[in-house]
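Participant: Provided below are the primary sequence and the corresponding predicted coordinates.
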Amino acid sequence: MTEQVLANRYKIIKKLGEGGMGTVYQVEDTSNSNIVAFKILSKQIADSPETLLQFKQEFRVMNQLKHPNTVNVFDYGLMPDKSPYLTMEVVPGNELADVKNIDYKEICRILTQLCQALSFIHSRLLVHCDIKPQNIRIKDDGSVKVMDFGLMNQLGLRSNGQITGTVDYLPPEIPTGGIINASSDLYSVGVMAYEMVTGKLPFEGTSVLEVIRAHINSPVTPPSQIVDDIPLKLEQIILKLLEKSQQERYQTAAQVIVDLSELSGEDVVNESIEQKRSYLNSSVLVGRDKELKILESALNSVNKNNGKAIFVAAPAGVGKSRLVQEFKLQVQLAEHPFLTGHCFEQGMSAYKPLADAFKQILILTTKEELVKYGDVLVKILPELQEKGFVALPNLEGIAEKLRLFDTIIAWLTDVSCRETLVIFIDDLHWIDQASIDLLNTCIRDLRKSKVMFMGTFRDDEVPAGHPLWQTIEEELTQVVKLESFTSEDIRNLIKAMLGSVELKMDFVDRVKNATGGNAFFISEVMRYLVEENILQIKFGTWHLPADYSSWELPTSIEATVNRRLNSLSPKAMELIRLAAVAGRKLRLSLFKAVSNWEEEDIFAAIDELIERQFLNRLDHEYLFPHDRVRETLYDSLESEKRKELHQRVAETIEIENPNQLINISGELAYHFSRSNETKKAVKYLLMAGFSSPVRLEASMLIQQA
């Protein structure tokens, strides 16, 4: 049976579900081997402007809400027939609707986690508006995940009376035109709690209208009249959640958690450190309105066949990635592909960052265009080998490079006649010579097309005379320079992070003086304050202790990271140092091969590092949350320890990939050149030697040898 592939990228593993709105599959993302859920809106439904907007809203909201108890979303795009899709994490376990015979202790635990998720959502001034058992998933480890954000609404808006969602869980203010706020979601929680306790819904009827009228007018039958052993406190909580009047209901999810804690006798009032940390991911772009407008204006111009190139420049940690993230979201919701490539300090083969972006264009390429260009494109896009393309013999000298560049320009020109392309290359300060030559050529030759080139770079790490400046000096590329945050920006950022917070300007000024307005440094300081329980959340509001003026804030990013590192166990510290040498993305197999530890020791160390947010897990891979974390760790290593680790990493990669040495020669060259294995460094530098800097490095090592 032929494997089914969606959007030329996602290999179907199995169907997870199907309904009137569309279908959900479990798929493998062939670009990185991650297993994700692929949700596609049916073509008939997608033709409805209102439904399409709801689907886009769902992606936008899920993209902004990062919390342990909410589902993560990854990507948005269009199928060849223009049906939209989004990808999100696969959540193992069962829908709450399928979980039976739940005891009261378990009911309290589920309701507490649900309210913790809602407290976070409400802090972002949003209301879920579709809380029901089918949208609550209980994972295999017992944790709760809130799903499906398609009906999300802004907190505090008046209902237009239109019935959305499932009427069985509908708060009465929606059909009566009342204000939709946090208590609206909590009413739906009350209906769910009633159903979990009694096995019945509190309001039923023979028609939708009868059920709606019951929500508005009918009194609730107390659960104790249906079941005998319900604790009095639990019944009181449920009845308060189900009050008709919003004023008589719980006003915040935090208030519900307090009463559930009193009932269960467990200390669950305070959120876990992981849940607290989720507040540090601001869903609002702060202090970058002007820069975002520049990018939006450029995109509008590109849509009119005026190609643009914009590089976002700033030192590390100032906020380049956050600006790009917001713009990417706008590009995707405008139904344009956002094609990404990354430059790595750890060594790359020639053209690798651009090739990674270009391979995502294959889905937009017609069969005729593939026939026309495929036998040249296959030289940098090996994916085309699977389609039967064989590379043409190389031409002599510079002619081969010119043929490749001309083919790529012609290909992008043809594709962009049908579709606006946004091609983004991250961390250009690490770009190889071959890639910057190709990028500069594309910028020069695609000025009359619907192609926008974007990039980020650390302008304090790119010397004068670097080819990255060429199209800037030719006035073909615009530089958007990001400045550090002002005190007002910092105040807005902290409020965007924490939602409800008691904040004094003298505290903000102290943060400004300590961090210099560096966005990453600010987030690290706030993370430290949260982790050390100096900044505390009580009843949904964050509080500074009275003695905050006596605190000694860290004076550098390195000091902040190192202060957090000091609390790690020896095993976790050893593993994270290995990770700092290995590179930006890491796999479990590399940890095991290089460390030679028992698997349980590796798992325990990784769990600790993820818990402390020194690593993020993305399916099969582990990533540093920011390059500055990795660089701080790397710089803290003694020279000989670095060389030893580089050699162990290089030898492991070499042994595990005997048939891919050419493809990974840049990575091997990087690690061996920083070890004591000079001969192997020269071997792989020459194998990867497409650029003069690589040849120069090889020459220097040969002289040293």
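Facilitator: Perfect, thanks for sending it. Numbers count the residues shown, from 1 in each chain.
Participant: C-alpha only now, for contacts and for neighbours.
Facilitator: Noted.
Participant: touching, Leu565 and Lys571? I think so.
Facilitator: No: using C-alpha atoms under 8 Å, Leu565 is not in contact with Lys571, being 11.9 Å away.
Participant: tell me where the stretch 201-350 of the chain has helices.
Facilitator: 208-217, 232-241, 253-264, 273-278, 289-302, 320-333 (DSSP state H, counting those that start in this stretch).
Participant: which SSE is the residue lying closest to Glu599 once chain neighbours are set aside in?
Facilitator: Using C-alpha to C-alpha, 6 or more residues apart in numbering and skipping residues adjacent in sequence, the residue nearest Glu599 is Lys592, 7.1 Å away. Assigned by DSSP states H and E, Lys592 belongs to helix 588-595.
Participant: put the alpha carbons of that helix into CSV.
Facilitator: Extracted C-alpha coordinates of helix 588-595, given in CSV (Å, rounded to 0.1, in the frame of the first residue of the first chain):
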residue,chain,number,x,y,z
LEU,A,588,18.1,11.1,23.2
SER,A,589,20.3,8.6,21.3
LEU,A,590,23.2,11.2,21.3
PHE,A,591,22.8,11.7,25.0
LYS,A,592,23.0,8.0,25.6
ALA,A,593,25.9,7.3,23.3
VAL,A,594,28.1,10.2,24.5
SER,A,595,27.4,9.9,28.2
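Participant: against which helices or strands is that helix packed?
Facilitator: helix 570-582, helix 599-611, helix 639-656 (3 or more C-alpha pairs under 8 Å, 6 or more residues apart in numbering; DSSP states H and E).
Participant: returning to that earlier point: in CSV, list the helices of the stretch 201-350 of the chain along with distance to Tyr25 and mean neighbour count.
Facilitator: Converted to CSV, the helices of the stretch 201-350 of the chain look like this (distance: least, C-alpha to C-alpha, whole Å; neighbours: other C-alpha atoms under 10 Å):
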stretch, distance to Tyr25, mean neighbour count
helix 208-217, 31, 17
helix 232-241, 36, 19
helix 253-264, 33, 20
helix 273-278, 28, 18
helix 289-302, 32, 16
helix 320-333, 21, 18
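Participant: which stretch in these has the least confidence?
Facilitator: Looking at those, the lowest mean pLDDT belongs to helix 273-278 (a mean of 64).
Participant: check contacts around the residue nearest to Glu599.
Facilitator: By C-alpha atoms under 8 Å, 6 or more residues apart in numbering, the residues touching Lys592 are 598-599, 602.
Participant: tell me the pLDDT of it.
Facilitator: 80.
Participant: with Gln346 as the reference, measure out to the residue nearest to Glu345 when sequence neighbours are not counted.
Facilitator: Spatially, and ignoring its direct neighbours in sequence, Glu345 is nearest to Trp430 (5.6 Å; C-alpha to C-alpha, 6+ apart). To Gln346, Trp430 is 9 Å away according to C-alpha to C-alpha, to the nearest Å.
Participant: my guess is Ser264 contacts Cys108, does it?
Facilitator: Yes: between Ser264 and Cys108 a contact is recorded at 6.8 Å, counting by C-alpha under 8 Å.
Participant: secondary structure element for Ser119, which one?
Facilitator: helix 104-123.
Participant: now the helix or strand following that helix, how far from the centre of its chain.
Facilitator: Downstream of helix 104-123, the next assigned helix or strand under DSSP H and E is strand 126-127. For strand 126-127, the separation from the chain centroid amounts to 20 Å (computed by C-alpha atoms, centre = their mean, to the nearest Å).
Participant: strand 126-127: what's the following helix or strand?
Facilitator: Following strand 126-127 toward the C-terminus (DSSP H and E): strand 136-138.
Participant: list the buried ones in that following strand?
Facilitator: 136-138 (16 or more other C-alpha atoms under 10 Å).
Participant: pairing partners for it, with directions?
Facilitator: Its sheet considered, strand 136-138 pairs with strand 94-95 (antiparallel), strand 144-146 (antiparallel) by DSSP bridges.
Participant: what's the mean pLDDT across that strand?
Facilitator: 92.
Participant: check what contacts that strand and list those residues.
Facilitator: 91, 93-96, 144-147.
Participant: same question, stretch 312-319
Facilitator: 320, 454-461, 479-484, 517-521, 628.
Participant: count the residues that sit near the residue nearest to Glu345.
Facilitator: 18 (other C-alpha atoms under 10 Å).
Participant: what's around Lys39, how many residues?
Facilitator: 21.
Participant: give me the contact list for the host helix or strand of it.
Facilitator: Lys39 belongs to strand 34-41 when assigned by DSSP H and E. The contact list for strand 34-41 (C-alpha under 8 Å, 6+ apart) reads 21-29, 55, 83-90, 618-620.
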